[in-house]
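Peer 1: Below are the sequence and a predicted model; questions follow.
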Amino acid sequence: MGSKMEFTDLYINGEWRSTSDRFDVNNPATEEVLASVASADIADADAALDAADAAMKDWAARTPRERSEVLRRAWELMTARLDHFAHLITLENGKAGVDAKGEATYAAEFFRWFAEEAVRADGMITHAPASGARIMVQHKPAGLAVLITPWNYPAAMGTRKIAPALAAGCGVIIKPASETPLTMLALMPLLEQAGVPKGLVNVLPSRRTGALVDHMLHDPRVRVVSFTGSTGVGQKLLKGAADQVLKPAMELGGNAPVVVFDDADMDVAIEGTMLAKMRNLGEACTAANRIYVHEDIAEEFTKRLTDRMSALKLGDGTDPSVDVGPLVNADTRDKVADFVADAVAKGASVECGGTVPEGKGFYYPPTVLSNVSEDADCVHDEIFGPVAAIQTFTDQDEVVRRANDTEYGLVAYVFSEDFKRALQVCERLEYGMVGLNRGLVSDPAAPFGGTKQSGLGREGGHEGMLEFMETQYISASW
Ligand code: NAP
């Protein structure tokens with residue numbers, strides 16, 4: 001099988017390393033093989049750890065301004081090649097061009113934001129109230145970081161970790177998702193060009209993921225594990241991280257509620273719900289999963305959302321007229337179909353979509369379900385696909401209770417023109433993030449992250465860099 005892709009080997013110490021063991025990466029639109037990718041083993045992990053450890057010593061000693069300028073160049077270079085990266089993202093993940101371009105832009109922005117943060121690792125000095133000693137607080141690079149990323153954002157979930165780690169002064173080893181390793185590999189020549197030293201950033205695709213990551217988490221040089229993915233894998237990694245008491249950053253699953261009050265601006269609520277549901281065709285931890293609409297406006301809301309959803313064009317994401325690409329693989333598509341079948345069996349009505357199309361590609365059409373019952377599986381689990389599941393409510397306390405009734409706590413969305421009520425509701429929602437009259441919360445400048453089983457720590461904002469730093473306090477007298 002001939003690979004059409006340029007970068008398909010392991011990236012260790014600034015060099016491409018081939019392996020005899022390889023695995024296929026497929027195009028979800030055509031089900032054809034895109035590339036045969038090298039699979040890292042334990043010896044490769046050791047080589048990457050050696051490289052990152054050696055490179056980090058010099059990198060951590062550089063001035064914040066030097067680190068900042070390398071990151072700034074990475075932003076400039078990536079921004080100049082957004083179409084190239086968007087195309088790669090579409091090929092391996094399936095998402096439509098508009099989603100892929102949005103992701104590439106978002107991914108590049110982490111380099112710009114953390115170029116700006118690299119020079120702002122502020123400390124503090126104060127007088128101890130009783131002893132009179134000075135309390136001096138500073139932040140230092142935490143050490144080597146192992147970064148594990150999911151397939152739904154092949155570029156952005158990586159840059160959201162690489163950029164703050166480099167800003168903080170850390171070296172990294174990235175294990176990209178096996179479904180989508182190509183975008184991250186293709187980013188490496190760009191980082192070299194930006195001035196990232198050899199060995200500081202290493203990429204290890206692997207089909208022996210569990211053993212490989214576990215080995216790295218038990219290397220004494222590793223101090224941070226930063227993971228984005230499912231809650232189940234996050235729980236395993238937290239257990240693995242316990243042995244060396246690593247600093248964990250966990251961005252895990254979600255079950256986002258959307259609450260539309262009867263005083264919402266209907267245009268804003270429809271637009272926001274479309275964005276919260278259909279950005280990345282629903283394959284996002286932030287995707288609207290349960291849509292609670294006040295009974296008095298439910299009919300109009302459902303009709304307008306159905307009109308918008310059924311107007312979206314489904315197809316191969318490389319076609320610029322397409323709005324919705326295929327899901328990433330057959331399992332994800334089948335899971336979405338199962339959620340719909342289960343909801344319908346429990347009384348939901350299909351307003352549009354709901355049928356898997358014939359032919360190649362892992363397509364599922366934009367679908368609206370109304371009258372979804374509280375015991376439907378999609379109310380309790382992430383749908384991770386283009387299905388809007390609508391329920392109704394009558395009372396504010398009741399909807400807050402239902403919205404909070406989940407083990408997840410990543411993001412919630414609220415639509416209301418009564419700001420006093422809206423802010424009261426936002427504060428009562430047990431979520432790390434709330435979109436108020438907005439369907440999008442992701443922003444490199446904001447602390448992204450969840451409560452409860454949606455995770456630990458924050459990415460982006462000022463907090464994102466602190467995840468890769470240790471606080472040191474010096475008690476001094478003079
Ligand atoms: P996943 O199955 O948890 O995989 C994520 C990553 O973990 C992949 O690189 C995977 O490698 C790796 N992995 C799997 N088993 C592992 C193990 N035993 N030890 C170490 N690493 C392991 O998740 P996914 O299906 O790719 O992504 C979907 C999930 O991610 C959803 O639940 C979604 O909500 C969540 N997500 C969360 C956020 C957030 O910021 N909170 C953002 C995006 C996605 P392989 O590919 O080789 O198996």
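Peer 2: Cool, got the structure.

Peer 1: Gly435 looks like it's in a strand, true?
Peer 2: Yes - under DSSP: H, G, I helix; E, B strand; the rest coil, Gly435 sits within a strand.

Peer 1: what's around it, how many residues?
Peer 2: Other residues near Gly435 come to 23 when the count uses other C-beta atoms under 10 Å. (Each C-beta comes from the backbone N, C-alpha and C, glycine too.)

Peer 1: And Thr126, by the same measure?
Peer 2: Counted with other C-beta under 10 Å, Thr126 comes out at 10.

Peer 1: can you list contacts of the helix or strand where it lies?
Peer 2: For Thr126, the element it lies in under DSSP states H and E is strand 124-127. In this structure, residues lying in contact with strand 124-127 by C-beta atoms under 8 Å, 6 or more residues apart in numbering are Ala133, Arg134, Ile135, Met136, Val137.

Peer 1: do that again at 10 Å, thanks
Peer 2: Strand 124-127 is touched from outside by Ala133, Arg134, Ile135, Met136, Val137, Gln138, His139, Thr471, Tyr473, Ile474, Ala476, with contacts defined as C-beta atoms under 10 Å, 6 or more residues apart in numbering.

Peer 1: and if you look at stretch 345-352?
Peer 2: Around stretch 345-352, the neighbours that count as contacts under C-beta under 10 Å, 6+ apart are 302-303, 305-312, 340-344, 354, 365-379, 387-391.

Peer 1: Of those, which belong to strands?
Peer 2: Thr367, Val368, Leu369, Ser370, Val387, Ala388, Ala389, Ile390, Gln391 (DSSP state E).

Peer 1: which of these tops the neighbour count?
Peer 2: Note: the member of the ones in strands among the contacts of stretch 345-352 with the most neighbours is Ala388, at 31 neighbours, neighbours being other C-beta under 10 Å.

Peer 1: Let me see the contact set for the residue lying closest to Asn93 once chain neighbours are set aside.
Peer 2: Using C-beta to C-beta, 6 or more residues apart in numbering and skipping residues adjacent in sequence, the residue nearest Asn93 is Thr180, 5.2 Å away. For Thr180, the residues meeting the contact criterion (C-beta under 10 Å, 6+ apart) are 25, 28, 34, 88-89, 91-94, 149-155, 157, 205, 328.

Peer 1: repeat that for 8 Å
Peer 2: Residues counted as contacts of Thr180 (C-beta under 8 Å, 6+ apart) are Val25, Ile89, Glu92, Asn93, Trp151, Pro154, Val328.

Peer 1: and which of those residues is nearest to the ligand?
Peer 2: Out of the contacts of Thr180, the one with the shortest distance to the ligand is Trp151. That distance is 4.6 Å, counting by C-beta to the nearest ligand atom.

Peer 1: State the number of residues packed around the closest one.
Peer 2: The local packing count at Trp151 equals 21, with neighbours defined by other C-beta under 10 Å.

Peer 1: what's the pLDDT at it?
Peer 2: At Trp151, the predicted lDDT confidence score is 98.

Peer 1: List the residues that contact it.
Peer 2: If you count contacts by C-beta under 8 Å, 6+ apart, Trp151 has them with Asn93, Ala177, Ser178, Glu179, Thr180, Val328.

Peer 1: returning to what we had before: of the contacts of strand 124-127 - the most surrounded one?
Peer 2: Among the contacts of strand 124-127, His139 has the most neighbours (other C-beta under 10 Å), with 18 neighbours.

Peer 1: Quick one: name the residues of the stretch 301-450 of the chain near the ligand.
Peer 2: Glu382, Leu410, Gly450 (C-beta under 6 Å from any ligand atom).

Peer 1: and the residues you listed as TSV, adding secondary structure, neighbour count and pLDDT?
Peer 2: Rendered in TSV, the data for those read as follows (DSSP: H, G, I helix; E, B strand; the rest coil; neighbours: other C-beta atoms under 10 Å; pLDDT from 0 to 100):
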residue	secondary structure	neighbour count	pLDDT
Glu382	coil	22	97
Leu410	coil	29	98
Gly450	coil	27	98
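
Peer 1: Number of residues surrounding Asp219?
Peer 2: Number of residues near Asp219 (other C-beta under 10 Å) recorded here: 17.

Peer 1: do you know how far it is from Asp53?
Peer 2: 9 Å (C-beta to C-beta, to the nearest Å).

Peer 1: Identify the contacts common to those two.
Peer 2: Taking C-beta under 8 Å, 6+ apart as the criterion, Asp219 and Asp53 both touch Leu144.

Peer 1: re earlier: may I ask which two of the contacts of Thr180 are separated the most?
Peer 2: The most widely separated members of those, counting by C-beta to C-beta, are Val25 and Ile89 (12.5 Å).

Peer 1: Please report phi then psi for the residue nearest the centre of the chain.
Peer 2: Nearest residue to the geometric centre of the chain (C-alpha atoms, centre = their mean): Met157, 4.6 Å. The main-chain torsion angles of Met157 are listed as degrees, to the nearest 10 and equal phi -70, psi -20.

Peer 1: ok, for it, nearest residue in space, not its chain neighbours?
Peer 2: Sequence neighbours aside, Thr149 is the residue nearest to Met157 in space, at 4.3 Å (criterion: C-beta to C-beta, 6+ apart).

Peer 1: how about that neighbour, what does it touch?
Peer 2: Taking C-beta under 8 Å, 6+ apart as the contact definition, Thr149 lies against Met157, Gly158, Lys161, Ile174, Lys175, Pro176, Ala177, Met184, Thr228, Gly229.

Peer 1: among those residues, which are within reach of the ligand?
Peer 2: Near the ligand, by the rule C-beta under 6 Å from any ligand atom, you find Met157, Lys175, Ala177, Thr228, Gly229 out of these.

Peer 1: Domains in the protein, by residue range?
Peer 2: With domains defined by automatic domain parsing, the chain comprises 2-252+454-476, 256-443.

Peer 1: Quick one: distance of the shortest one to the chain centre.
Peer 2: For domain 256-443, the separation from the chain centroid amounts to 18 Å (computed by C-alpha atoms, centre = their mean, to the nearest Å).

Peer 1: What of the longest one?
Peer 2: Centroid separation between domain 2-252+454-476 and its chain, computed with C-alpha atoms, centre = their mean, is 12 Å.

Peer 1: Pop out the phi and psi values for whatever residue of the stretch 101-250 of the chain ends up closest to the ligand.
Peer 2: When distances are taken as C-beta to the nearest ligand atom, the stretch 101-250 of the chain approaches the ligand most closely through Gly229, which lies 2.8 Å from it. Backbone torsions for Gly229, taken as degrees, to the nearest 10, come to phi 170, psi -150.

Peer 1: Nice, that's everything, thank you.
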